[in-house]
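[1] Fold the following.
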Amino acid sequence: MKIRALSLRETLDLETNARRYSNDLRYLRVWLQLAYALYFEKMKKFEAAEKMYHLGVQK
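    So this is what the prediction gives:
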């Protein structure tokens, strides 16, 4: 994947979007839900791996 510099227009669009959503609680709620979902999936995978580990240790 190549990393490229943002054009002036893309930079301005990012700044406009940041201002538009900075005080929008719906936007914050979506980010919090995403963070929770990512955390939950990570913990679920960790718990499954931990069960497999303990099962292997017991045998």
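[2] make it CA atoms for all contacts and neighbour counts henceforth
    Fine.
[3] Show me where this structure dips below the pLDDT cut-off.
    By pLDDT under 70, the low-scoring segments of the chain are 1-2, 6, 14, 17, 20-22, 59.
[4] And the longest helix anywhere in it, what does it pack against?
    In terms of residue count, the longest helix belonging to the chain (DSSP state H) is helix 25-58. Here helix 25-58 touches no other helix or strand, going by 3 or more CA pairs under 8 Å, 6 or more residues apart in numbering; DSSP states H and E.
[5] Just the buried positions in the host helix or strand of Leu12, please.
    Assigned by DSSP states H and E, Leu12 belongs to helix 8-21. Neighbour counts over helix 8-21 (16 or more other CA atoms under 10 Å) mark no residue as buried.
[6] quick check: angle from that helix to helix 25-58?
    Using axes from the mean of the first three to the mean of the last three CA atoms, to 10 degrees, the interaxial angle of helix 8-21 with respect to helix 25-58 works out to 90 degrees.
[7] from here on, count from 17
    I'll keep to 17 as the first residue from here, and by that count the last item is helix 24-37.
[8] Which elements pack onto helix 24-37?
    Looks like helix 24-37 contacts no helix or strand (3+ CA pairs under 8 Å, 6+ apart).
[9] Can you give the contact residues for that helix?
    Tyr43 (CA atoms under 8 Å, 6 or more residues apart in numbering).
[10] Now it - C-alpha only, PDB.
    The C-alpha coordinates for helix 24-37 follow below in PDB (Å, rounded to 0.1, in the frame of the first residue of the first chain):
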ATOM      1  CA  LEU A  24      -5.000  20.800  -0.500                       C
ATOM      2  CA  ARG A  25      -8.600  20.100  -1.300                       C
ATOM      3  CA  GLU A  26      -8.500  16.800   0.700                       C
ATOM      4  CA  THR A  27      -6.900  18.600   3.600                       C
ATOM      5  CA  LEU A  28      -9.600  21.300   3.600                       C
ATOM      6  CA  ASP A  29     -12.300  18.600   3.300                       C
ATOM      7  CA  LEU A  30     -10.900  16.900   6.400                       C
ATOM      8  CA  GLU A  31     -10.900  20.100   8.400                       C
ATOM      9  CA  THR A  32     -14.500  20.900   7.300                       C
ATOM     10  CA  ASN A  33     -15.600  17.400   8.400                       C
ATOM     11  CA  ALA A  34     -13.800  17.800  11.700                       C
ATOM     12  CA  ARG A  35     -15.600  21.000  12.400                       C
ATOM     13  CA  ARG A  36     -18.900  19.700  11.200                       C
ATOM     14  CA  TYR A  37     -18.800  16.600  13.500                       C
END
